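S.K.: sharing a sequence plus its predicted fold:
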Amino acid sequence: MYPASIRAPAGRAYAEIEIREKSGRRLGVRPFIGESLMLSDGNTAWILTSTALVLFMTLPGLALFYGGLVHAKNIVSVLMQCFAITALVSVLWTVVGYSLTFSDGGALQGWIGGVDKAFLAGVGVNTLSGSIPETVFFMFQMTFAIITPALIVGAYVERIKFGAAMLFSVLWLMLVYVPVAHWIWGGGWLGEMGVQDFAGGLVVHLTCGTAAIIAALMLGPRRGFPREMKPPHSPVLVMIGAAMLWVGWYGFNGGSALAADGAAGMALTVTHISAATAAATWMFIEWIKYGKPTLVGIATGAIAGLATITPASGFVGPIGGLALGLIAGVLCFLAVNFVKFTLKIDDSLDVLAVHGIGGTTGSLLVAFFGAVSFGGLGVSEKSISEQFLIQLTGIVATLVWTAVVTTLILFAIRSVVGLRVDVEDEIEGLDIITHGEKGYEF
């Protein structure tokens, strides 16, 4: 038997949890009484592990993946941005971010949480969130808050001022990530509507993809783009970073079941299937189109598959994992070329094409592949068409809010401190100019 996938915001009680057969047939319900549920050692151990895996995705996974994709003269700047974002977001999440996302917002509950858990007030060693310690739930959710603004780094590498990047990350976390996460995971209006986003197709991937394209447009392209595009300086680092992301994604998706059970096992399984399928698909497309399959290409394909399965991972079966991986490999490959060479937008490391398009695709198609008739777990009791419209509503709301607020944030930063480094600094490289360090000694 499989419990329906439910995210349990800290301190909130749910009336019941559905119990289903593996086929998805609904068997009934059992009570779930939030903080009074007994502690589960197994669930706690798994979410502790998942938390470490998700942080491993940013440091060092994403940092090395992005670092290998840029020029050698800018690798330190990319690593520094990822590391600094991790530190800043961790502090902000502790001070007020967690509370605004997962506590009761009273009259504003549909839109934003409250501040009663600011500085982790009331969160102690014996406080539970479902069947795990609330401190563990807090930490697990913190790692999601960390990686989301870090993903946007890929849009503005090699040309943004460090101070502007840090200010943007702080404001964006509080004004974009926190509200959207509350809407979907914290008891907000989209979650109440029935939007299915198991591990962040909307909360993480659509928000960062939308913000990335806005940032790329407002910053403008790197010097010489697209005529003089230089290849990634280290495909080796790209592969190592992608491999770390792939392993870390087991915690990202499998941990989002918030339990060590069959739902977590299925989420982990379909995550791997989707990543492998998308990687192979991307490789064969390159091989046929250009005559040479590349290491950077196959690594990027795997990330596309991981992003696409993320919102659906708790709702689909192996067929859904295969299908979403295949779709991701084709669609994200086409999106990369469309953004760069047709629209001529320098989203430098393809955040929109891989994460934005992938996360949106998975969020829409979960309405189909989550249904029992398509091999899914049948968690939603709505028809495919009804669930599709709910998913579409969540996508539109997330996209519009993210685009508008991101634009306002960037306009404000550009007016106060400026966004882009001088031309001479861009030519010299941000490692020496901004940080006084080199990634390599030649």
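M.R.: Arrived safely, thanks for sending. Bear in mind the structure is a predicted one, so any value in this text is a computation, not a measurement. Residues are numbered from 1 along each chain as shown.
S.K.: phi first, then psi, for the closest residue to Gly201 other than its chain neighbours.
M.R.: Residue nearest to Gly201 in three dimensions, not counting chain neighbours: Pro311, with 2.5 Å by CB to CB, 6 or more residues apart in numbering. C-beta coordinates here come from the backbone N, C-alpha and C atoms, glycine included. Torsion angles at Pro311 (phi, psi; degrees, to the nearest 10) stand at phi -70, psi -20.
S.K.: helices along the stretch 151-300 of the chain, start to end?
M.R.: Here the stretch 151-300 of the chain has its helices, by DSSP state H, counting those that start in this stretch, at 162-172, 178-185, 189-193, 207-219, 235-249, 262-290, 295-309.
S.K.: in the third one, what counts as buried?
M.R.: Of the residues in helix 189-193, those with enough neighbours to count as buried (16 or more other CB atoms under 10 Å) are Trp189, Leu190, Gly191, Met193.
S.K.: the longest one too?
M.R.: Along helix 262-290, the positions that meet the burial threshold by neighbour count (16+ other CB under 10 Å) are 263-264, 266-283, 285-286.
S.K.: which strands and helices sit next to it?
M.R.: For helix 262-290, the elements it packs on are strand 2-3, helix 235-249, helix 295-309, helix 318-337, judged by 3 or more CB pairs under 8 Å, 6 or more residues apart in numbering; DSSP states H and E.
S.K.: mind redoing it with 10 Å?
M.R.: Here helix 262-290 touches strand 2-3, helix 41-56, helix 235-249, helix 295-309, helix 318-337, helix 357-369, going by 3 or more CB pairs under 10 Å, 6 or more residues apart in numbering; DSSP states H and E.
S.K.: what comes up buried for the third one?
M.R.: Judged by neighbour count (16+ other CB under 10 Å), helix 235-249 contains these buried residues: Pro235, Leu237, Val238, Met239, Ile240, Gly241, Ala242, Met244, Leu245, Trp246, Gly248, Trp249.
S.K.: who's in contact with the nearest residue to the last one once chain neighbours are set aside?
M.R.: Beyond its immediate neighbours in the sequence, the residue positioned closest to Trp249 (CB to CB, 6+ apart) is Leu306, lying 4.8 Å away. With contacts taken as CB atoms under 10 Å, 6 or more residues apart in numbering, Leu306 has the following neighbours: 57, 205, 242, 245-246, 248-250, 252-253, 271-272, 274-275, 278-279, 313, 325, 328, 354-355, 358, 362.
S.K.: how near is Leu306 to Tyr177?
M.R.: Leu306 sits at a distance of 19 Å from Tyr177 (criterion: CB to CB, to the nearest Å).
S.K.: with Thr393 instead?
M.R.: 19 Å.
S.K.: looking at the most centrally placed residue in the chain now. What's its pLDDT?
M.R.: Central residue of the chain (CA atoms, centre = their mean): Val204, 3.3 Å from the mean position. Looking at Val204, its pLDDT stands at 98.
S.K.: in the chain, where's the longest helix?
M.R.: Using DSSP state H, we find that the single longest helix of the chain is helix 384-416.
S.K.: now it, how far from the centre of its chain.
M.R.: 15 Å (CA atoms, centre = their mean, to the nearest Å).
S.K.: and if you look at stretch 306-319?
M.R.: Distance of stretch 306-319 from the chain centroid (CA atoms, centre = their mean) equals 13 Å.
S.K.: now do stretch 169-188
M.R.: Centroid separation for stretch 169-188 versus its chain: 13 Å, with CA atoms, centre = their mean.
S.K.: kindly report the same for stretch 346-353.
M.R.: Stretch 346-353 sits 15 Å away from the centroid of its parent chain (CA atoms, centre = their mean).
S.K.: repeat for stretch 352-371
M.R.: 12 Å.
S.K.: using CSV, write out every CA atom in it.
M.R.: Output of stretch 352-371 as CSV, limited to C-alpha atoms (Å, rounded to 0.1, in the frame of the first residue of the first chain):
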residue,chain,number,x,y,z
LEU,A,352,15.6,28.7,-19.2
ALA,A,353,16.0,26.0,-21.9
VAL,A,354,16.9,23.2,-19.4
HIS,A,355,15.3,24.1,-16.1
GLY,A,356,12.5,26.4,-17.2
ILE,A,357,11.3,24.4,-20.2
GLY,A,358,12.0,21.1,-18.4
GLY,A,359,10.2,22.0,-15.2
THR,A,360,7.2,23.4,-17.1
THR,A,361,6.9,20.4,-19.3
GLY,A,362,6.9,18.0,-16.4
SER,A,363,4.4,20.1,-14.5
LEU,A,364,2.0,20.0,-17.4
LEU,A,365,2.4,16.4,-18.4
VAL,A,366,2.0,15.1,-14.8
ALA,A,367,-1.7,15.5,-15.5
PHE,A,368,-1.4,12.7,-18.1
PHE,A,369,1.4,10.5,-16.9
GLY,A,370,0.2,10.7,-13.3
ALA,A,371,-3.1,9.0,-14.3
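S.K.: what's the burial count for the residue nearest to Ser385 when sequence neighbours are not counted?
M.R.: Using CB to CB, 6+ apart and skipping residues adjacent in sequence, the residue nearest Ser385 is Ala367, 7.9 Å away. Here the number of neighbours of Ala367 (other CB atoms under 10 Å) works out to 25.
S.K.: wait, Tyr156 touches Cys208, no?
M.R.: No - Tyr156 is beyond contact range of Cys208, at 11.9 Å (criterion: CB atoms under 10 Å).
S.K.: quick one, helices of the stretch 1-150 of the chain?
M.R.: Applying DSSP H, counting those that start in this stretch to the stretch 1-150 of the chain gives helices spanning 41-56, 63-69, 75-92, 98-102, 134-156.
S.K.: wait, what's in contact with the residue nearest to the centre of the chain?
M.R.: Contact partners of Val204, counting by CB under 10 Å, 6+ apart, are 144-145, 147-148, 151, 177, 180-181, 197, 252, 307, 310-311, 355, 359.
S.K.: swap in 8 Å and give it another go.
M.R.: By CB atoms under 8 Å, 6 or more residues apart in numbering, the residues touching Val204 are Phe144, Ile147, Thr148, Leu151, Thr310, His355, Gly359.
S.K.: TSV for those residues, including distance to Gly378 and pLDDT?
M.R.: Converted to TSV, these look like this (distance: CB to CB, whole Å; pLDDT from 0 to 100):
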residue	distance to Gly378	pLDDT
Phe144	26	98
Ile147	30	98
Thr148	29	98
Leu151	31	98
Thr310	20	98
His355	28	98
Gly359	22	98
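S.K.: any weak-confidence spans in the protein?
M.R.: Within the chain, the segments meeting pLDDT under 70 span 1-37.
S.K.: repeat that for 90
M.R.: Where the chain drops to pLDDT under 90, the residues are 1-38, 224, 226-230, 381, 441-442.
S.K.: how about stretch 267-275 as PDB, C-alpha atoms only?
M.R.: Coordinates of each C-alpha in stretch 267-275 appear next as PDB, following Å, rounded to 0.1, in the frame of the first residue of the first chain:
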ATOM      1  CA  ALA A 267      10.300   8.800  -7.000                       C
ATOM      2  CA  LEU A 268      13.900   7.800  -6.900                       C
ATOM      3  CA  THR A 269      13.400   5.200  -9.600                       C
ATOM      4  CA  VAL A 270      11.600   7.400 -12.100                       C
ATOM      5  CA  THR A 271      14.100  10.200 -11.400                       C
ATOM      6  CA  HIS A 272      17.000   7.900 -12.600                       C
ATOM      7  CA  ILE A 273      15.000   6.600 -15.500                       C
ATOM      8  CA  SER A 274      14.200  10.100 -16.800                       C
ATOM      9  CA  ALA A 275      17.800  11.300 -16.400                       C
END
